[in-house]
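S.K.: Build me a structure from this.
(chains A and B)
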Number of protein chains: 2
Amino acid sequence: MTPDPKALAFDVFGTVVDWRSAVIREGEELGKGKGLDVDWAAFADAWRGRYAPSMDRVRRGELPWTRLDDLHLASLEELLGEFGVVGLTEREKERFNEVWHRLDPWPDSVEGLTRLKKRYVITTLSNGNVALLTNMAKRAGLPWDLILSAELVRHYKPDPETYMMVPGLLSLRPEQVMMVAAHPNDLRAARANGLQTAYVPRPREFGPQGAQEAPDLSFDLVAEDFVALADKLDA
Amino acid sequence: MTPDPKALAFDVFGTVVDWRSAVIREGEELGKGKGLDVDWAAFADAWRGRYAPSMDRVRRGELPWTRLDDLHLASLEELLGEFGVVGLTEREKERFNEVWHRLDPWPDSVEGLTRLKKRYVITTLSNGNVALLTNMAKRAGLPWDLILSAELVRHYKPDPETYMMVPGLLSLRPEQVMMVAAHPNDLRAARANGLQTAYVPRPREFGPQGAQEAPDLSFDLVAEDFVALADKLDA
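M.R.: Okay, the predicted model is just below:
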């Protein structure tokens, strides 16, 4: 019998917010203003496609510690070339790169988090850097108790240092923390470090025809969204 | 002409919350239950009196990094002896030590912070550890955007690493951060690291007859409480 969790640690990109729609929307706005003919859905998917490989370079030590904002910017520079986008100023590139600070929550996220906050400590546990997560939360109204980021330990998920940061900083035992994520690989790494796990699939993360990870129902909880998670956790 | 700040970093003990009243109140409750005859105001002042010296031992390297909760507990053990308090269980000591998680805000703190949050990023910048600050905020309704603590850089204020953490993690320049504190020494150290400064004296911090630091009106702003600070910062 596992204990009741005291704190819930949330993956953010894809789990709490919909990254794809905002990148497409802001890409289209940028493209209209500049007269560009770009498939922005393909651009969004390609940008996100570079996310894990770029962090893996840091995790393997091929790059020194680099904030996600800067990994995103390096990927953006490459993709602008690949997609034939020219004529953006440095300021326009920086502004577009910060679209990752302006992602919208899934429709249930704010309601579910607001309920869960009444009973549990709710924190991010994201590879996003602190500034990104802070700006996102203010814009989207995400009511975090605190912002925990890979940046604080200079390790990206799924390195153990990230998961262990949560019980360490909150003076809890690992099993008193429940990781909430839409991605089974994140949850399996959390479980390997002793955390409880809640799986909230987000079938629209990669778009209407997007690839799905194979379902994995081995986690402590499975809920269809954050409101259902609040129900299951009596919040 | 200094720029408008983007983020406000708050000292917590004494600036946002009244530590003395809660320590006295919980001491008295503990004492009644145990039939103890203790001057709990003197006890509170003595406990707080060990705060800076205990952190200085860490700052000088005489102690390895130690969380404030653990420094508080070591001081408590000593003071229980000095005040002749015997017969507390380990659990009772731990529970009393956590009174620092249960401090009440000054009457203007929540209203002022709530207004300031609409326009600025508001964060703690405290020597309190993350668990302490998180528990305090949930209990007291302090609406922080994020929790920044000496614990994250393993340096206590006034070490420069603490002040520089705020612009570093928020991707701001030092002058875009304003330190808010009731203690001129904290503000002078923040200023030496390039932060803006707002002085909010809390004349009741050390009780009705408590010692006052000499007033220092050299800071960028002086406000009598957080509501007045919100007025001055157009929040």
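
S.K.: What residue in chain A is the furthest from its centre?
M.R.: Summary for chain A: using C-alpha atoms, centre = their mean, the residue whose C-alpha lies farthest from the chain's mean C-alpha position is A:Gly35, with a distance of 31.0 Å.

S.K.: For that residue, which residues are in contact?
M.R.: Listed by C-beta atoms under 8 Å, 6 or more residues apart in numbering or on different chains, the contact set of A:Gly35 is empty. The C-beta positions use only the backbone N, C-alpha and C, and glycine is treated the same way.

S.K.: mind checking the backbone torsions on it?
M.R.: Dihedral angles of A:Gly35 (phi, psi; degrees, to the nearest 10) stand at phi 70, psi 40.

S.K.: Average pLDDT for stretch A:178-192, rounded please.
M.R.: Per-region confidence: stretch A:178-192 scores 97 on mean pLDDT.

S.K.: Please read the previous query as pertaining to stretch A:228-235.
M.R.: Per-residue pLDDT over stretch A:228-235 has a mean of 96.

S.K.: ok so, going back, any idea how far the residue farthest from the centre of chain A lies from A:Val86?
M.R.: According to C-beta to C-beta, to the nearest Å, A:Gly35 stands 11 Å off from A:Val86.

S.K.: got the residues of chain A near chain B?
M.R.: Counting by C-beta under 8 Å from any C-beta of the partner chain, the residues of chain A close to chain B are A:69, A:121, A:129-131, A:134, A:137-138, A:144-147, A:151-152, A:169-172.

S.K.: quick one, strands of chain A?
M.R.: For chain A, the strands defined by DSSP state E occupy A:7-10, A:17-18, A:104-105, A:121-126, A:146-149, A:177-181, A:196-199, A:221-222.

S.K.: Turn these into JSON lines, columns for mean neighbour count.
M.R.: Below are the strands of chain A laid out as JSON lines (neighbours: other C-beta atoms under 10 Å in any protein chain shown):
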{"stretch": "strand A:7-10", "mean neighbour count": "26"}
{"stretch": "strand A:17-18", "mean neighbour count": "22"}
{"stretch": "strand A:104-105", "mean neighbour count": "18"}
{"stretch": "strand A:121-126", "mean neighbour count": "26"}
{"stretch": "strand A:146-149", "mean neighbour count": "27"}
{"stretch": "strand A:177-181", "mean neighbour count": "28"}
{"stretch": "strand A:196-199", "mean neighbour count": "23"}
{"stretch": "strand A:221-222", "mean neighbour count": "16"}
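
S.K.: Please tabulate those strands in TSV and include distance to B:Ala181 as additional columns.
M.R.: What follows is the strands of chain A, written out as TSV (distance: least, C-beta to C-beta, whole Å):
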stretch	distance to B:Ala181
strand A:7-10	29
strand A:17-18	34
strand A:104-105	34
strand A:121-126	26
strand A:146-149	21
strand A:177-181	32
strand A:196-199	39
strand A:221-222	42
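
S.K.: Among those strands, which comes closest to B:Lys6?
M.R.: Comparing these against B:Lys6 with C-beta to C-beta, the closest turns out to be strand A:146-149 (15.8 Å).

S.K.: which residues make contact with the closest one from outside it?
M.R.: With C-beta under 8 Å, 6+ apart as the test, strand A:146-149 has contacts from A:9, A:121, A:123-130, A:133-134, A:137, A:165-166, A:169, B:130, B:134, B:144-147.

S.K.: What of stretch A:11-21?
M.R.: Residues from elsewhere that reach stretch A:11-21 (C-beta under 8 Å, 6+ apart): A:10, A:41, A:44-45, A:48, A:51, A:100, A:103-106, A:109, A:113, A:124-128, A:133, A:136, A:140, A:142, A:157, A:179-183, A:186, A:200, A:202, A:204-207, A:210.

S.K.: Distance of the residue farthest from the centre of chain A relative to chain B?
M.R.: Spatial separation of A:Gly35 from chain B under the definition C-beta to the nearest C-beta, to the nearest Å is 31 Å.

S.K.: swap in A:Trp65?
M.R.: 12 Å.

S.K.: For the closest residue to that residue other than its chain neighbours, give me phi and psi.
M.R.: Leaving aside its chain neighbours, A:Trp65 sits nearest to A:Arg154 (4.4 Å; criterion: C-beta to C-beta, 6 or more residues apart in numbering or on different chains). Backbone dihedrals for A:Arg154, given as degrees, to the nearest 10, come out at phi 50, psi 40.

S.K.: thought A:Arg154 was touching A:Leu63?
M.R.: No. Counting by C-beta atoms under 8 Å, A:Arg154 stays clear of A:Leu63, with 11.6 Å between them.

S.K.: what do these two both touch?
M.R.: Common contact partners of A:Arg154 and A:Leu63 (C-beta under 8 Å, 6+ apart): none.

S.K.: hang on, the earlier thing: any of the contacts of stretch A:11-21 buried? List them.
M.R.: When those are checked for burial by 16 or more other C-beta atoms under 10 Å in any protein chain shown, the buried set is A:10, A:41, A:44-45, A:48, A:51, A:100, A:103, A:105-106, A:109, A:113, A:124-128, A:133, A:136, A:140, A:142, A:157, A:179-183, A:186, A:200, A:202, A:205-206.

S.K.: related to what we said a few turns ago, can you get me a residue count around the residue nearest to A:Trp65?
M.R.: By other C-beta atoms under 10 Å in any protein chain shown, 14 other residues sit near A:Arg154.

S.K.: Quick check: pLDDT value at it.
M.R.: Taken from the predicted model, the pLDDT recorded for A:Arg154 is 98.

S.K.: where's it relative to B:Val153, distance?
M.R.: When distance is defined by C-beta to C-beta, A:Arg154 is 12 Å away from B:Val153.

S.K.: Could you do A:Glu94 as well?
M.R.: A:Glu94 sits 27 Å away from B:Val153, going by C-beta to C-beta.

S.K.: Now intersect the contacts of stretch A:11-21 with the helices, please.
M.R.: Filtering the contacts of stretch A:11-21 for membership in helices, criterion DSSP state H, returns A:Ala41, A:Ala44, A:Asp45, A:Arg48, A:Tyr51, A:Ser109, A:Leu113, A:Leu133, A:Met136, A:Ala140, A:Asp186.

S.K.: tell me the contacts of the fourth one?
M.R.: So the one you mean is A:Arg48. When contacts are counted by C-beta under 8 Å, 6+ apart, A:Arg48 is found next to A:Trp19, A:Arg20, A:Val23.

S.K.: out of those, which are buried?
M.R.: Among the contacts of A:Arg48, those buried by neighbour count (16+ other C-beta under 10 Å) are A:Trp19, A:Arg20, A:Val23.

S.K.: Need those residues in a markdown table (columns: pLDDT).
M.R.: Below are the buried ones among the contacts of A:Arg48 laid out as a markdown table (pLDDT from 0 to 100):
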| residue | pLDDT |
| --- | --- |
| A:Trp19 | 97 |
| A:Arg20 | 97 |
| A:Val23 | 98 |
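
S.K.: just for chain A, where's the confidence low?
M.R.: Judged by pLDDT under 70, chain A has its weakly predicted residues at A:1-3, A:211-215.
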